[in-house]
Structure formats: C-alpha cells, structure tokens
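In: fold the following and give me the result.
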Amino acid sequence: MSATESGHVGNLRGLRDRPFELLKELEKRSRGSTTTASVEPESGAEWVGVAFRMGGETFLVAREETREVLGFPAAVTRIPGARPWVKGLANIRGQLLPMIDLRQFLGSGVAVAGRNTRVIVVQHREIPAGLMIDEVHGFRRFAEKEFSADPPPTVIRCDRYLAGAFRRGGEVWPVLSLKSLVESPTFLQAAS
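Out: Numbers count the residues shown, from 1 in each chain. This next block holds a predicted model:
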C-alpha cells in the first residue's frame, strides 16, 4: 500500500465515529472516480434494440418502440369475432392488452406458448398491443455505421415491416418496425 493510499484509508478510519462526515467523504470520492472514468472518447452514436427469435430467425426492434417484455400471461380471454392471430385480451396490471400471435399475423405459422415465449409490448400511444414471440435474447447495441437501409430477405414474410438491418461480421440483424406494423391497415382490421 502506498503512502497516499494509507493516508486515504487513515482519513476514513478517523471518520468512523462520525457517520455523516464518513458518508460525505465517500460520496465525494465516488463522484471523483466516476468523473474521471467517464472522460472516455466518444465513439459515435449508438443504436439499442431488443433482439428476439421468431420461427428460427432473429430480429431486432428499437428500444424506443418497446414498452416492456413480459412472459406470456396465464389467462388470455378469447375475443369472439376476432381474426385467428388475435389470441385474446390479457389483464396486465389492471389494463387490458390485446395479445397478438406475430407469426400468425405475418402468415408464417402459429406460435405455441412455451417456457421461453415472451410478449413484446408495443410503445404506441393509440394502439396497445402485445406481440407474442418465441424468445427474447435481450438488448443489442450497434454503432450507427453498422446500419444498412436495405432489409435482408427473411423466411418469415415481414418485408413490408422491415426498416433495414444491422450488419456485424457475418451476422445480419433485420430491424422490425413496430410502428409500421401496428399502424398498417391489415393490423388494424382485427375483426373477422
């Protein structure tokens, strides 16, 4: 231990009988260490999204278009006269949220609720929706320079809702636009 370090530790030991002063000194030191740590060079703008799997393919949705991610609710009430891709309504913390089978809506099969099944709740002021997907892989961060406006071909038929893709190494991450999806005339016609 250097003389400087032992001096700092000694200062803290001297304050052990004065808890308020000890807390002030610890806060002062922690602020000093965070300001020096945050003076790193800016590496450019960053895009953050939620990665998820649907039918064997991996997609991204923008973090700002996602309100939250939930487990699939145990109780979903079927809505008479709704299209087959509308699984029903679920009570989420006192609010009714339509549950949508995203794969079935896109015409790519029916999702089966399992242990890893999740619901991505769309962040939209006027159109509440919970999109049932196979699995969430968590947040992914990309540099804006990794973005390409050209969406890649996908097995799941969602071309019209893709907003481009991020490319890193040999991987391609298609970006699904939740805004264009929920505002589409097809989505808004949920009645049979």
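
In: can you give me every residue that contacts L176?
Out: Residues near L176 by CB atoms under 8 Å, 6 or more residues apart in numbering: 59-61, 158, 161-163. Heads up, the C-betas are built off the backbone N, CA and C, glycines and all.

In: with adjacent residues omitted, what lies nearest to it?
Out: Leaving out its chain neighbours, the residue that sits closest to L176 by CB to CB, 6 or more residues apart in numbering is F59, at 4.9 Å.

In: my guess is that neighbour meets V175, correct?
Out: Yes. Taking CB atoms under 8 Å as the definition, F59 is a contact partner of V175 at 7.4 Å.

In: pLDDT score assigned to the most centrally placed residue in the chain?
Out: The centroid of the chain falls nearest to V50 when counting by CA atoms, centre = their mean (3.5 Å). pLDDT for V50: 96.

In: how is the residue nearest to L176 assigned, secondary-structure-wise?
Out: Three-state assignment for F59 (DSSP: H, G, I helix; E, B strand; the rest coil): strand.

In: can you list the contacts of L176 in JSON lines and add distance to P151 and neighbour count?
Out: Output for the contacts of L176, formatted as JSON lines (distance: CB to CB, whole Å; neighbours: other CB atoms under 10 Å):
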{"residue": "F59", "distance to P151": "11", "neighbour count": "24"}
{"residue": "L60", "distance to P151": "11", "neighbour count": "23"}
{"residue": "V61", "distance to P151": "14", "neighbour count": "24"}
{"residue": "C158", "distance to P151": "9", "neighbour count": "22"}
{"residue": "Y161", "distance to P151": "9", "neighbour count": "22"}
{"residue": "L162", "distance to P151": "4", "neighbour count": "20"}
{"residue": "A163", "distance to P151": "7", "neighbour count": "18"}
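
In: which residue ranges make up the domains of this protein?
Out: For the chain, automatic domain parsing gives the domain ranges 3-37, 46-188.

In: okay, the ones you listed, which one's buried deepest?
Out: Of all these, domain 46-188 carries the top mean neighbour count, a mean of 16, counting by mean count of other CB atoms under 10 Å.

In: and that domain, how far out from the chain's middle?
Out: In terms of CA atoms, centre = their mean, to the nearest Å, the centre of domain 46-188 is set 10 Å apart from its chain centre.

In: quick check: end-to-end length of it?
Out: 32 Å (CA to CA, to the nearest Å).

In: same deal with stretch 89-102?
Out: One end of stretch 89-102 to the other measures 15 Å (CA to CA).

In: contact partners of it?
Out: Here stretch 89-102 makes contact (CB under 8 Å, 6+ apart) with 54, 70, 72-73, 75-77, 79, 84-88, 110-111, 119, 121, 128-133, 187, 190.
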